[in-house]
Structure formats: structure tokens, C-alpha cells
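[1] Below: sequence and its predicted model.
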Amino acid sequence: MVFFTRKSSGKSISTLVKTSKRESRQLGKTSKTLFYTMNTEPKILLTINLEGGILLKGEPEVKKYYLTKKDLFPSQKFKGDTGKKVVRSGKYTHIPTYQSEAKQKITLCAEAYEYMTGLEIPNWFIPYKPLKERFKAWKALDEKARLELHLARTCRHFGGKSFTYQIIDA
């Protein structure tokens, strides 16, 4: 767990300072110090499938080749095994490639999960209706639906076409 202490310097200027647990206890005895604890452990693993793909390299392979007279002069007719005579041989390194979907993985902390499943109405949720009706509609949604609305909006923000998520219970 990371501890942040808000120190005020003047009337309206305040900054968050990262402190250790011991320092935060000592600072907490003064009246002007507030404490913010932040749980940084991941709670949601979000995978966004993006448009397009990426090209990945495989393991390099060494391949041998043989060049015959028949390969050099395909229209010419050869007698016996003279066309099968090797003119040049060698080897080269081939690196195979394959295509994969482009994905972006994001981890969200427990505080983000609490916000996304909470009763606080986001300003983008049915903006053309009065606040009372928006609150009723938001409250009628279960936690999973609220979370999926937020995650779908995050997916659109990153330009994704679909998403999957996993909730980690710790």
C-alpha cells in the first residue's frame, strides 16, 4: 500500500507527497495533514482488441538450396542426367513471420472498480434526461452492467473493436 500525504502551503495550494508508513504516522499528528491511502493492486484485467494486427517473427531456420542446369534453362532438353547436375548449392537463413491481432492490456485498481460499480452517475450517461431520471436508470442497473458500460467507453477511447475483462478477487 502506498501512502500519500496532502501538505498545504498557503491558502489554496496543496500537493500530494509520497511518504512511508512511519512518516505518515508522524505527520498525521498535525492538524493540517490529510491522509490518502491508495491500493495499487490490480482488480480488473482489461484486454482491448484493436483494429489491425501485428507481424511477429518466428524462430530462424537454416535452409539449403541446390540449383541445377534444368532450373537455369527450363526450355532446353537435356540427355540423361546432365540436367540434374548441380551448378550451385548454398544455404540461407529463413525467418518465418505470422500475423497476430493487436491487443492492449490494461490493469485497473480496486478504486477504479469501486467507482465504476458505484452509484455515482457519470456525466456521459443519458445526458439529455433530467438528473432524477438519470439516477433512477443508473440505480436500476446491476454492478456488472455499470462496469461493462464504463469498460465499453474505455475500449472506444482506445480505438478498440471489442474487449474482454477479468475481475481478480484477492
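    That came through fine. Numbers count the residues shown, from 1 in each chain.
[2] What's the biggest strand in this protein, counting residues?
    strand 42-57 (DSSP state E).
[3] and after that one, which helix or strand comes next?
    Moving toward the C-terminus from strand 42-57, the next helix or strand (DSSP states H and E) is strand 61-68.
[4] how about that following strand: buried residues?
    T68 (16 or more other C-beta atoms under 10 Å). Glycine gets a C-beta too; all of them are placed from N, C-alpha and C.
[5] partner strands of that strand, parallel or antiparallel?
    Taking DSSP bridges as the criterion, strand 61-68 pairs within the sheet with strand 86-94 (antiparallel).
[6] outside of the strand it pairs with, which residues touch it?
    Contacts to strand 86-94, defined as C-beta atoms under 8 Å, 6 or more residues apart in numbering, come from residues P60, E61, V62, K63, K64, Y65, Y66, L67, T68, K69, D71, L72.
[7] Run the chain-centre distance for the longest strand of the chain.
    Averaging C-alpha positions (C-alpha atoms, centre = their mean, to the nearest Å) puts strand 42-57 6 Å from its chain's average.
[8] How about stretch 76-96?
    49 Å.
[9] Stretch 62-80 too?
    With C-alpha atoms, centre = their mean as the basis, the mean position of stretch 62-80 lies at 51 Å from the chain mean.
[10] Kindly export that stretch (C-alpha atoms) in CSV.
    Output of stretch 62-80 as CSV, limited to C-alpha atoms (Å, rounded to 0.1, in the frame of the first residue of the first chain):
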residue,chain,number,x,y,z
VAL,A,62,18.7,-22.6,-41.9
LYS,A,63,17.6,-23.9,-45.3
LYS,A,64,19.7,-25.5,-48.0
TYR,A,65,19.2,-25.0,-51.7
TYR,A,66,20.5,-26.6,-54.9
LEU,A,67,20.5,-25.0,-58.3
THR,A,68,20.6,-27.4,-61.3
LYS,A,69,21.1,-26.8,-65.1
LYS,A,70,17.4,-27.7,-65.6
ASP,A,71,16.5,-24.8,-63.2
LEU,A,72,18.7,-22.4,-65.2
PHE,A,73,17.5,-23.4,-68.7
PRO,A,74,13.9,-24.9,-68.3
SER,A,75,13.1,-24.8,-72.1
GLN,A,76,16.2,-26.8,-73.1
LYS,A,77,16.1,-30.6,-73.3
PHE,A,78,18.9,-32.5,-71.6
LYS,A,79,20.1,-36.0,-72.3
GLY,A,80,20.3,-38.4,-69.3
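[11] How about the residue positioned nearest the centre of the chain, nearest residue that isn't a chain neighbour?
    The centroid of the chain falls nearest to K105 when counting by C-alpha atoms, centre = their mean (1.9 Å). Spatial nearest neighbour of K105, excluding adjacent residues (C-beta to C-beta, 6 or more residues apart in numbering): T47 at 5.3 Å.
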